[in-house]
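*Asks:* Structural data only, the sequence is not supplied:
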């Protein structure tokens, strides 16, 4: 039996070893949930890959779970501050989110500023991040940043823009 575990951010997927003696057969086009899928994999699907098996019912050798990653970048702006003290407290809260997501040292810059006579917190990636299961991570990450800001200043509004450099080529 194959078991799959993911860390809370969906950035890294792990597989455990198969249990010896368990029977299983590989079927072309079959994905992790056992449902046939004849489409090619895109950046956000999981696939089980194994060495060719023998007759039906024989164990599949050397199976591994693969989750495709996607390169992405983002920028965000948070509004709703009455002073820089509030904004700087939000910057500290966002720094904790970045550390929790393990992207604090991946070229993500952010800080408070005055923009068009409004105090804001802005941030952006300086280079693409490679994220596995990005479609799940992205919405969770957006909510974590927004929640960190709301926990400090309840009336903040957070807006993200996402960039996919591989699609721009």
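*Replies:* Sure thing, it's come through. All values reported here derive from a predicted model rather than from experimental measurement. Residues are numbered from 1 along each chain as shown.

*Asks:* alpha carbons only for contacts and neighbour counts from here, please
*Replies:* OK.

*Asks:* Residue 114: helix or strand, and which one exactly?
*Replies:* According to DSSP states H and E, residue 114 maps onto strand 108-115.

*Asks:* Outside of the longest strand along the chain itself, list whatever touches it.
*Replies:* Identified as the longest strand of the chain according to DSSP state E is strand 69-79. If you take CA atoms under 8 Å, 6 or more residues apart in numbering as the criterion, strand 69-79 is touched by 43-44, 118-134, 149, 156-166.

*Asks:* Give me the subset of the residues you listed that lies in strands.
*Replies:* 118-125, 129-132, 157-163.

*Asks:* From those, keep the buried residues only.
*Replies:* 119-125, 129, 131-132, 157-158, 160 (16 or more other CA atoms under 10 Å).

*Asks:* Could you identify the most distant pair in the residues you listed?
*Replies:* Taking CA to CA as the measure, those span a maximum distance of 33.8 Å, between 119 and 132.

*Asks:* I'd like the average pLDDT over stretch 100-120.
*Replies:* For stretch 100-120, mean pLDDT is 94.

*Asks:* for stretch 69-82, that is, sorry about that
*Replies:* On average, stretch 69-82 scores 95.

*Asks:* in it, what's buried?
*Replies:* Quick answer for stretch 69-82 (16+ other CA under 10 Å): 69-81.

*Asks:* Can you lay out the residues you listed as CSV showing distance to residue 112?
*Replies:* Shown next, in CSV, are the buried residues of stretch 69-82 (distance: CA to CA, whole Å):
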residue, distance to residue 112
69, 31
70, 29
71, 26
72, 23
73, 20
74, 17
75, 14
76, 12
77, 10
78, 9
79, 10
80, 12
81, 10
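
*Asks:* Of those, which pair is most distant in space?
*Replies:* Checking the buried residues of stretch 69-82 with CA to CA, the most distant pair is 69 and 81, at 35.6 Å.

*Asks:* Does anything pack onto the lengthiest helix in the chain? Which helices or strands?
*Replies:* Counting residues, the longest helix found in the chain (DSSP state H) is helix 134-152. In terms of contacts (3 or more CA pairs under 8 Å, 6 or more residues apart in numbering; DSSP states H and E), helix 134-152 is packed against strand 69-79, helix 84-100, strand 157-163.

*Asks:* Now do the domain split for the protein, please.
*Replies:* 1-67, 70-163 (automatic domain parsing).

*Asks:* Go through these and find the least confident stretch.
*Replies:* Among those, domain 1-67 carries the lowest mean pLDDT (a mean of 43).

*Asks:* circling back to that earlier point, strand 69-79 and the longest helix of the chain, what's the angle between them?
*Replies:* Helix 134-152 and strand 69-79 are oriented at 20 degrees to each other (axes from the mean of the first three to the mean of the last three CA atoms, to 10 degrees).
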